[in-house]
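Chemist: No sequence on hand, only this structure:
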């Protein structure tokens, strides 16, 4: 065999690859470290420079503010001296120059110059003209040290100015009162008589840009003129560029509240400016500076910022609406740092190269050389030259590899012996295969072998016993022969799946060969058997009998889709059938009707006879309804005493009415519950699809609305859905939303109907009635919103408000000396609220009314549910000292045995018994009986709805002396009660 080269070259060498990796790793780590250091240094330098810029901006602003403050103090001091001096002078001993050819009086010395039109000379102006000369001789040397011009302008077109040579620039016809510096000091513009800084403007006399401090001068409370001290804009901005002398990169900027820079304009531009023009500044072209200035103007106080362009800081001047900005070019600051960055990177690269070279030499000497020797030994071993192997035996990893290689060469000699052992193992495996074959034969699972075309080749005994056949009768037959007739379509699917994926798993129904009626479910798994090169030889089918599991699943499905109590479909199954019916209606097959049943008074039967009796009643109702329905109809129990029916193939509403009338006959016969014969009835709501709606939720909603309308019409009837019902439901929802808003905005009013003692014609009390006044000034009747408030629970909030406002009204009546009672109606929700006694107690304490004068009215139906709870609630209210009244007495279901348990103080005869007196003799007898019963039980009796004198007379003759009704007064607002012609009880 030809020897091969065992030493790798170039990039095939592990040593070279290792050196390259080390070089790259050191270089990347060094660069990352270098950039991190440089980034931190850059951040520190930026923060340091930004602090310096902030400090410079604050110092510059402080210096400029001090300069302006000194100027302002000097101007104020000079004005005070001038005012005091001029007040003390008189018009005697004046020496005035003669007017010139232009009729102007002029005067000039080394300190100042003065001018005034001769026509304007009078006693006051002459004093100011003459005596201001001496003042300017004393003040001008001091003032001109700080100002470019110092002058006084009087109201008679008089001016005295220093330095004196400025007068030569004056035009005799100039009107001082139109100048900015004069207008700023006039009384109408400066009523507070305070010194002011003018904006920068182009001076009409000196023809330069200035800013002036103006101080109004008053002599004996009369405006005499203005002291003006000018500072040239060039003087004010001259030192701004010297503020950063410590760094050649720093720059300064003054800008006003509009963001424009303040700089002295060039002379060529200034000559073109009109007098008294205000300085608008210069636009800043640098976008970065514009951004900083905009941020400064949006914040109050000092501002600083840093970006890729500048380090910027700004401060606000106190005396002027200006800002001082100091900024520095960030690139110039970082220039030296960039040079250091390049050097640092070069150093890291050199270090990486040196370390990589050193590591390459070390790795070759200690690792690669020994690996080359080992690879040579492997080549020799491959040629069979085992005796020539000579490797080191050091205690490192390569030494361990060498020892392993030496051991491996020794083991090769044992391979032949190992092959013999493997042959023996193969024979043992064959014996194990025979055992496995026997295990398949006696397995409790069905095992079946087929050829690639699914023709049966073998069945184990368990499967033949399960199928009731022998192996010879089904061998060479198709697998389909074992399947039940219902599985014909599934057999096609099995063939397709095996063709595509070579395996199949699922549940399938098999059929007994000798007893065709006997079928059973198995879990079938089909898998391929292939030879060594992957060719398909057979399919193996493993089966487990799962008939018991399928039976359990069927029972579970029945529990999932059918009601346990009645055996009818449940809500889930009903919704599925409803969706199918809607789909059929969409395709135009047929219309259908949806019926909602609700048993009338089922709760009363359930509470009276017990839940077991109620369950028996539901079973009997289900049986009767099922017996009167067609095969194609679906009936379900939705819950409680609610049933629903889908009537298929309905042509019109008349056909639906006929079927529903037949269903109602199921309720004609009473139901035997124990020893009781119970009469039953149902309220039925009907909607027709797709005429009324074609959507599931809408149909359910419409049927529900129709059912509630049937209940509202007296129960034991049926009602079809109409758009009016939907509109009423929408109106109810709208009222609910508006009612919540009314509670938040307190849109309710209380009206009061007087309760009169017919013996004395005296008002002895009132009944409280609520009214809802909407924002559009429309009153909503209580009958329209009270049922909504009751059903939504909002009546609890409204009721608490009624009790509070009613007690406040009663407190006001008591404060006027009236001894009256106040009746307050309680709703069902409010009466059942456990917190009601606490609420009443809190309101009584808050308003201070006498509890005995508060009467709570409760209807009979509110007391007939849970009588024990009702008695407990009444006793808790009674402990507070309030009175209790049963409202609408005689219209409910109460009995005398219940009545004597209730701690009530008053019975209120319902208006339905009073309205037909004296025409209806039965009503008269009922009213007389109620009055007599109340008197026997020591209860007060009140008649409501009294509207005629005959009714009053009848009640008086029968001993009922407390009445209320339209005969005496309709319900009135509190402010209208004073208009009644009845005396109020005191």
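Modeler: All right, it came through fine. These figures come from a predicted structure and were not determined experimentally.
Chemist: what's the distance between residue 853 and residue 212?
Modeler: Separation of residue 853 from residue 212 (Cβ to Cβ, to the nearest Å) stands at 81 Å. Backbone N, C-alpha and C define where each C-beta goes, glycine included.
Chemist: Residue 204 now?
Modeler: Applying Cβ to Cβ to residue 204 and residue 212 gives a distance of 12 Å.
Chemist: Also residue 313?
Modeler: Counting by Cβ to Cβ, the gap from residue 313 to residue 212 is 29 Å.
Chemist: Pairing partners for residue 153 in the sheet, please.
Modeler: Counting by DSSP bridges, residue 153 is bridged to residue 159, residue 226.
Chemist: ok, residue 204 and residue 212, which is more surrounded?
Modeler: residue 212 (27 against 20; other Cβ atoms under 10 Å).
Chemist: For the stretch 251-400 of the chain, give me the ranges with low pLDDT.
Modeler: Scanning the stretch 251-400 of the chain for pLDDT under 70 picks out 267-271, 300-301, 303-308, 336-339, 364-366, 368-370, 372, 374, 376, 380-390.
Chemist: Please enumerate the strands of it.
Modeler: Along the stretch 251-400 of the chain, the segments classed as strands by DSSP state E, counting those that start in this stretch run 303-306, 310-316, 322-329.
Chemist: Buried residues, stretch 870-888. List them.
Modeler: 870, 873-874, 877-878, 882-888 (16 or more other Cβ atoms under 10 Å).
Chemist: quick one on the thing from earlier: of all the strands of the stretch 251-400 of the chain, which lies closest to residue 532?
Modeler: Nearest of the strands of the stretch 251-400 of the chain to residue 532, taken as Cβ to Cβ: strand 303-306 at 76.2 Å.
Chemist: picking up where we left off before, and the strands of the stretch 251-400 of the chain, which is most packed in?
Modeler: strand 310-316 (a mean of 25; mean count of other Cβ atoms under 10 Å).
Chemist: Listing partners with orientation, what would you give for it?
Modeler: Partners of strand 310-316 in its sheet, by DSSP bridges: strand 303-306 (antiparallel), strand 322-329 (antiparallel).
Chemist: What are the contacting residues of the longest one?
Modeler: The reference is to strand 322-329. 49, 53-54, 56-57, 60-61, 64, 243-244, 247, 249-257, 262, 289, 292-293, 296-297, 309-317 (Cβ atoms under 8 Å, 6 or more residues apart in numbering).
Chemist: Need the buried ones from those residues selected in ChimeraX.
Modeler: Per 16+ other Cβ under 10 Å, the buried members of the contacts of strand 322-329 correspond to this ChimeraX selection:
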select :49,53,54,56,57,60,61,64,243,244,250,251,252,253,254,255,256,262,289,292,293,296,297,309,310,311,312,313,314,315,316,317
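Chemist: mind listing which of the contacts of strand 322-329 are in helices?
Modeler: 49, 53-54, 56-57, 60-61, 64, 289, 292-293, 296-297 (DSSP state H).
Chemist: any idea which helix or strand of the protein has the worst average confidence?
Modeler: Lowest on mean pLDDT, DSSP states H and E among the helices and strands of the chain sits helix 267-270, with a mean of 60.
Chemist: got the contact list for the host helix or strand of residue 124?
Modeler: Using DSSP states H and E, residue 124 falls within helix 123-143. For helix 123-143, the external contacting residues (Cβ under 8 Å, 6+ apart) are 74-75, 78, 81-82, 85-86, 89-91, 94-96, 105, 107, 109, 111-112, 114, 116, 121, 150, 152, 154, 156, 158, 160, 162-163, 219, 224-225, 229.
Chemist: From the residues you listed, list the buried ones, please.
Modeler: The buried subset of these (16+ other Cβ under 10 Å) comprises 74-75, 78, 82, 86, 89, 105, 107, 111-112, 114, 116, 121, 150, 152, 154, 156, 158, 160, 162-163, 219, 224-225, 229.
Chemist: export the ones in helices among the contacts of strand 322-329 to CSV and tack on distance to residue 613?
Modeler: Converted to CSV, those look like this (distance: Cβ to Cβ, whole Å):
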residue, distance to residue 613
49, 94
53, 94
54, 91
56, 98
57, 94
60, 99
61, 95
64, 100
289, 92
292, 88
293, 89
296, 87
297, 85
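Chemist: Just the closest of the residues you listed to residue 700, please.
Modeler: residue 297 (64.2 Å).
Chemist: Could you find the closest non-adjacent residue to the closest one?
Modeler: residue 259 (6.0 Å; Cβ to Cβ, 6 or more residues apart in numbering).
Chemist: try residue 590
Modeler: residue 649 (4.6 Å).
Chemist: In contact with that neighbour, which residues?
Modeler: 590-592, 632.
Chemist: Just the pLDDT for it.
Modeler: Residue 649 is assigned 79 on the pLDDT scale.
Chemist: just residue 225 next, same as before
Modeler: 89.
Chemist: Please consider this matter closed, and thank you.
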